[in-house]
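J.: got a predicted model here, sequence first, then my questions.
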Amino acid sequence: MKNNVEICHDKIAENYDTKCDNDLYMRLYEDVTWDNIKRFLPKNKNSLILDAGGGTGRWAVKIAKLGYNVVLTDISNNMLKAAEKKIERNNLSNKIRIVRADIKNMRMFQNEKFGLVLCEGDPLSYCGDYKKALKELVKVLKKRGHLIVSVDNRITNIYHLIKQKKFDEIENFLRTGNVVIQDSSSYIDFPIHAFTQEELKNLFAKNGLKVLRVIGKCVILNKMIDELLKDKKPYKHILKLCIRLADNSDYINFGGHLEIVGLK
Ligand SMILES: C[S@@+](CC[C@H](N)C(=O)[O-])C[C@H]1O[C@@H](n2cnc3c(N)ncnc32)[C@H](O)[C@@H]1O
């Protein structure tokens, strides 16, 4: 039976890319993300890359355009259908293989198959058992390969509870990181786990990964001053700052999301 995460993403799949493409904050968020991903792409273009919980293939397509072969997985059939259309439009069907898979079960892939594993845009926060999922992602990663994961940041997510006047839930959320959120496009509720930096670093260390980098996305502006992003000049400056300060410990927790890079 489908869970609410899957139902939500099936529902928003058709308009997902248009919404992301037209949202200025998303543009900033993705530019910061791409700057980070590019630093850890395998030198060898024959390395196979896994985009786990890759949705409509926003990262898979960008990476395949550089010449890599990518396996794109997701739990939502409709997100994968949208990805398939985009992959065909970009003539990348020979570079990207689509497999429907839950990140909590990667048994269909050989151990140590991928040179880089990406899990971008919260699948680990949404999957219901992040410890199990992380183990699976590490299992299929090659030795000396990188795992890049981005998740909800517990500190900034307090604001969602404040906005919804759910003051009674704040203490429990701060302690556990668990909360039910309502997706703003589908209005469907589902539980998430939001991480602290320490928790995320410990999780990586426990799974034998050396933590190379933790960044906040985005550490300047957050969603507050969308207007400013409209002009090219401020955008350029704000992006530069977001990238320069992304891994500065004084700034990381301003980001709505945390992104961590581990080496196996
Ligand atoms: C916000 S979207 C991000 C999509 C893509 N990674 C990106 O950055 O554009 C979150 C994605 O995680 C997927 N997802 C959530 N739980 C999952 C799970 N347990 N296994 C695989 N994918 C999952 C959703 O279906 C959705 O496509």
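T.: Perfect, I can see it now. Numbers count the residues shown, from 1 in each chain.

J.: tell me who's in contact with the nearest residue to residue 145 once chain neighbours are set aside.
T.: Of all residues not flanking residue 145 in the chain, residue 115 sits nearest, at 4.9 Å (C-beta to C-beta, 6 or more residues apart in numbering). C-beta coordinates here come from the backbone N, C-alpha and C atoms, glycine included. Listed by C-beta atoms under 8 Å, 6 or more residues apart in numbering, the contact set of residue 115 reads 42, 44, 47, 48, 49, 142, 145.

J.: scan those residues and report the most crowded one.
T.: Among these, residue 49 has the most neighbours (other C-beta atoms under 10 Å), with 26 neighbours.

J.: who are the contact partners of it?
T.: So, once contact is read as C-beta under 8 Å, 6+ apart, residue 49 ends up touching 41-42, 60, 63, 68-71, 114-118.

J.: now it: how far from the ligand?
T.: Residue 49 sits 13 Å away from the ligand, going by C-beta to the nearest ligand atom, to the nearest Å.

J.: just to be sure, that residue is in a helix?
T.: No. Counting by DSSP: H, G, I helix; E, B strand; the rest coil, residue 49 is not found in a helix; it is strand.

J.: so what's it scoring on pLDDT?
T.: At residue 49, the model reports a pLDDT of 98.

J.: got the phi and psi for the residue nearest to residue 145?
T.: phi -80, psi -20 (degrees, to the nearest 10).

J.: how close does it sit to residue 4?
T.: 33 Å (C-beta to C-beta, to the nearest Å).

J.: and residue 167, by the same measure?
T.: Taken as C-beta to C-beta, the span from residue 167 to residue 4 is 24 Å.

J.: list the buried ones in the helix or strand encompassing residue 13?
T.: Assigned by DSSP states H and E, residue 13 belongs to helix 4-22. Buried residues in helix 4-22, counted by 16 or more other C-beta atoms under 10 Å: 5, 6, 7, 8, 9, 10, 11, 12, 13, 16, 17, 20.
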